[in-house]
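In: just the structure for this:
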Amino acid sequence: MSASPVRLLYCGDVQTGPRRFRDAGLEVVVVHAGVSPEHLVAVAVQEDVGLVAVTDPQLGALAAGLLDEDVVVFWVSSASGLSSSPEPPD
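Out: Model prediction:
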């Protein structure tokens, strides 16, 4: 019996970002950049994702504050690949 793939919500540059995660074996749901934190959270809940990757650290920090603690939100940079969890806004 094989485990289900991890579901990830990706918000950002759709040209290159989602492919990296799909190639790593994740199931990727894509939301285009420019959505509100509330919209991002609604999609994350609806799609039952465990991970949320964003290219906008401020959006990630705001969304992380609205999501359950079991959902991991992290920031990705198109220049360097994966990075760390976003810092909460001041």
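
In: tell me the pLDDT of Pro18.
Out: Here the pLDDT value assigned to Pro18 is 89.

In: let me fix that: Val54
Out: If you check Val54, the pLDDT there is 94.

In: near the closest residue to it other than its chain neighbours, how many other residues are there?
Out: Nearest non-adjacent residue to Val54, counting by Cβ to Cβ, 6 or more residues apart in numbering: Gly60, 3.9 Å away. All C-beta spots, glycine's among them, are computed from the backbone N, C-alpha and C. Gly60 has 25 neighbours, counted by other Cβ atoms under 10 Å.

In: pLDDT score assigned to Gly60?
Out: Reported pLDDT for Gly60: 93.

In: wait, a helix at it?
Out: Yes. Using DSSP: H, G, I helix; E, B strand; the rest coil, the assignment for Gly60 is a helix.

In: I'd say it and Val73 touch.
Out: Yes. Gly60 lies in contact with Val73 (Cβ atoms under 8 Å); the separation is 5.0 Å.

In: low-confidence ranges in this protein?
Out: Within the chain, the segments meeting pLDDT under 70 span 1-2, 78-90.

In: if we use 90, what do you get?
Out: 1-5, 12-20, 32-34, 76-90 (pLDDT under 90).

In: tell me where it has helices.
Out: 17-23, 37-47, 57-66 (DSSP state H).
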